[in-house]
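Student: From the sequence below, what's the structure:
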Amino acid sequence: MFKGISSENYFEVGKIQRSLLPPITRNTVQIPGRPGEVPQSSSLGMAKFTIPIRIKEENVFSFNEAKRVIARWLFSDKPEEFILTKEPDIYYNAYLEGETDLDEILKVGKGTLNFIAPDPLGFDRIETIGKLISESSQVKIGGTYKTFPYLKFTVKRDITFLAYMGPNEKDSVVLGSEVDIDTQTAKPKEELVFDDDMDSLTGFGWSAGSTIIDGGQVAGEMIATNQTFTYNDIGTGTKWHGPAIKKGLTTPLDDWKVECWLKFDTTKDPKMIARAEIYLMDVNGAVIAKFALKDIYRDIANTTTEFRAGDISTGQYIIKSWGAKRGVYNNFWGLLSLKKVGKTYECYITKIVNGKHTTRMFKRYTDVKSKYSTPKLAQIELHIAGTGTSPIPTNDRINFDRLKVWKVNTLAQPAEVPYIARAGDVIELDHYTKEVLLNGQPRKDLLDPISKLFPMEGNSAVTIYPFDAVTAEISYRSRWL
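Tutor: Model prediction:
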């Protein structure tokens, strides 16, 4: 089985050859005056599978077509799932290497396929999932080789640190820092001051009055539907035109972070032109920053993103891009975030797929001359628009899903220790890929340098501190030599 497709669809398989173990390399060192060498470490080489095959078709023409189909199936630039059907519960990550010569006689061909698995170990196809129900929990790992677990923590109260230990002395993972009660206090780096889940426009302070937009006119109507804000109609005009609504903050902010989750999809018709924008304003309604998603290309779907400090006339674009290549941000559902602390702006955009941040872009800009960073953030405006008579996505394909505004605090460290996670946050650590996620966002900066994302085998204990602050889950796939 390769890529989930059985070889029985294409050819007969002969006697498969593979070694009992992957190649073993012993690393040793000579010590003067001592006979022999001293063991230092060992390593495993790649696993190899040699597979003789026989292709038989009804005639030469179908034989030639079968070769092309098989070639398309077998070719891959990266290792794919590879299964020997006599071990159906174990898979390897392998791909084809070397020559694939065939001895052909009319409608029959014989040859040999050589697969290599850079990671020589087999994995259980079924993942084991369990809960860690006490401060120190026993975990029974199957397989014949150590494996790397995946741990997920749902935070029950605000924490400045989280630590857990494995069965060996150096098996420890530490995030953040604990608080010395004699000399330190815990304080949030960011305080949530505004959180709108887009359930209703009525009675929550949103208004269409005194709204302004870049390069066009406010027209039409914004509505709340299916827990999103979107357009009911966008009015008419020769330039950009569409509805806008805004809302004031209780207290203007010097340092802030604004996050918006939204959907933006113009892929149904390449002639669609649209934009979804978030304007940040001071107490007088002047624009102090903006971030947006736009498709401004008439004959191709190509979503771009913009982040700007200041207004349209004198502002500085920090990001104005379609990403790594055209179409990267098409069919977008994800997060746009703009943060300002002092004179420094941080821009972040990411798609969110299965709860994880993907296709990310981050950029930092410092307003050295203080041209844009002095006014306080006092109002937020949301805007959706089309241009002229060009088609626009239906409102289920372009909408605002959630909006949060945070007050950013400057901490007096080390006396003030920052919280690393708040109640409801989810922390995930993948010991195999070395990935650390906070609410789906990569956050390896939280990891203490002493940490080791350790493997486990046999009967292993996992000890968690502070256990009462989290609910913990562990998952893993047993590995086999």
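
Student: use CA for all of it now, contacts and neighbours both
Tutor: Will do.

Student: Mind picking out the helix or strand in the chain with the poorest mean pLDDT?
Tutor: Least confident element among the helices and strands of the chain, by mean pLDDT, DSSP states H and E: strand 102-105 (a mean of 88).

Student: Give me the helices and strands touching whatever helix or strand comes next after it, please.
Tutor: Downstream of strand 102-105, the next assigned helix or strand under DSSP states H and E is strand 108-117. Packing partners of strand 108-117 (3 or more Cα pairs under 8 Å, 6 or more residues apart in numbering; DSSP states H and E): strand 47-56, strand 90-96, strand 102-105.

Student: Give me the residues contacting strand 108-117.
Tutor: Contacts with strand 108-117, where a contact means Cα atoms under 8 Å, 6 or more residues apart in numbering, come from 46-57, 63, 79, 92-104.

Student: Now the buried members of these.
Tutor: 47-57, 63, 79, 92-96, 102 (16 or more other Cα atoms under 10 Å).

Student: in the sheet, who's paired with the residue positioned nearest the centre of the chain?
Tutor: The C-alpha lying nearest the average C-alpha coordinate of the chain belongs to His357 (Cα atoms, centre = their mean; 2.4 Å). When bridges are called by DSSP bridges, His357 pairs up with Ile352.

Student: Do you know the pLDDT at it?
Tutor: Per-residue confidence (pLDDT) for His357: 95.

Student: now do the one 10 residues further on
Tutor: Residue-level confidence at Asp367 comes out at 97, pLDDT.

Student: how close does it get to Leu280?
Tutor: Asp367 sits 17 Å away from Leu280, taking Cα to Cα, to the nearest Å as the criterion.

Student: do the same with Ala224
Tutor: Taking Cα to Cα, one finds Ala224 at 21 Å from Leu280.

Student: the more surrounded of Asp367 and Leu280?
Tutor: Ranked by neighbour count (other Cα atoms under 10 Å), Asp367 and Leu280 place Leu280 first, with 25 against 15.

Student: So the more buried one: helix, strand or coil?
Tutor: strand (DSSP: H, G, I helix; E, B strand; the rest coil).

Student: Is it correct that it is in contact with Lys290?
Tutor: Yes - with contact defined as Cα atoms under 8 Å, Leu280 counts as touching Lys290 (5.9 Å).

Student: how about Tyr91, what does it touch?
Tutor: Counting by Cα under 8 Å, 6+ apart, Tyr91 touches Glu81, Phe82, Ile83, Leu84, Gly122, Phe123, Asp124, Arg125.

Student: same thing but 7 Å
Tutor: Tyr91 is in contact with Glu81, Phe82, Ile83, Gly122, Phe123, Asp124, Arg125, counting by Cα atoms under 7 Å, 6 or more residues apart in numbering.

Student: Among the residues you listed, which are located in helices?
Tutor: In helices, defined here by DSSP state H, there are no members of those.

Student: so how far is Glu457 from Ser478?
Tutor: 9 Å.

Student: Between those two, tell me which one has more neighbours.
Tutor: Neighbours were counted for Ser478 and for Glu457 using other Cα under 10 Å; Ser478 has more, 25 against 19.

Student: name the element the closest residue to the more buried one other than its chain neighbours belongs to?
Tutor: Distances taken as Cα to Cα, 6 or more residues apart in numbering place Gly143 nearest to Ser478, at 4.9 Å, with adjacent residues excluded. When elements are assigned from DSSP H and E, Gly143 belongs to no helix and no strand.

Student: cool, Gln40 as well?
Tutor: Judged by DSSP H and E, Gln40 forms part of strand 38-44.

Student: Looking at strand pairing, list the partners for Ile427.
Tutor: Here Ile427 sits in beta bridges with Phe153, Leu438, as judged by DSSP bridges.

Student: That one: how many residues sit nearby?
Tutor: Ile427 has 23 neighbouring residues, counting by other Cα under 10 Å.

Student: The one 10 residues further on now?
Tutor: Other residues within reach of Leu437 by the criterion other Cα under 10 Å amount to 18.

Student: And the pLDDT at it?
Tutor: pLDDT, Leu437: 96.

Student: got a list of what it touches?
Tutor: Leu437 neighbours (Cα under 7 Å, 6+ apart): Ile427, Glu428, Leu429, Arg443.

Student: swap the cut-off to 10 Å and go again
Tutor: Lys152, Lys356, His357, Val426, Ile427, Glu428, Leu429, Asp430, Arg443, Lys444, Leu446 (Cα atoms under 10 Å, 6 or more residues apart in numbering).

Student: Please apply the same query to Val287.
Tutor: By Cα under 10 Å, 6+ apart, the neighbours of Val287 are 212-214, 279-281, 309-312, 315, 372, 375, 377, 379-381.

Student: Tell me the spacing between it and Gly315.
Tutor: Noted for Val287: a distance of 10 Å to Gly315, by Cα to Cα.

Student: shared neighbours, those two?
Tutor: Ala309, Tyr372.

Student: Run through the residues that contact the closest residue to Ser136 other than its chain neighbours.
Tutor: Nearest residue to Ser136, sequence neighbours excluded (Cα to Cα, 6+ apart): Thr463, at 4.2 Å. Applying Cα under 10 Å, 6+ apart, we find Thr463 in contact with Leu132, Ser134, Glu135, Ser136, Ser137, Gln138, Ala163, Tyr164, Met165, Gly166, Pro167, Ser172.

Student: pLDDT, neighbour count and distance to Asn330 added to those, as a markdown table?
Tutor: A markdown table is the format used below for the contacts of Thr463 (pLDDT from 0 to 100; neighbours: other Cα atoms under 10 Å; distance: Cα to Cα, whole Å):
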| residue | pLDDT | neighbour count | distance to Asn330 |
| --- | --- | --- | --- |
| Leu132 | 96 | 19 | 40 |
| Ser134 | 95 | 14 | 45 |
| Glu135 | 95 | 15 | 45 |
| Ser136 | 94 | 16 | 46 |
| Ser137 | 94 | 14 | 45 |
| Gln138 | 93 | 14 | 45 |
| Ala163 | 97 | 19 | 39 |
| Tyr164 | 97 | 18 | 40 |
| Met165 | 96 | 21 | 42 |
| Gly166 | 94 | 20 | 43 |
| Pro167 | 88 | 17 | 46 |
| Ser172 | 95 | 20 | 41 |
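
Student: No further queries at this time; thank you.
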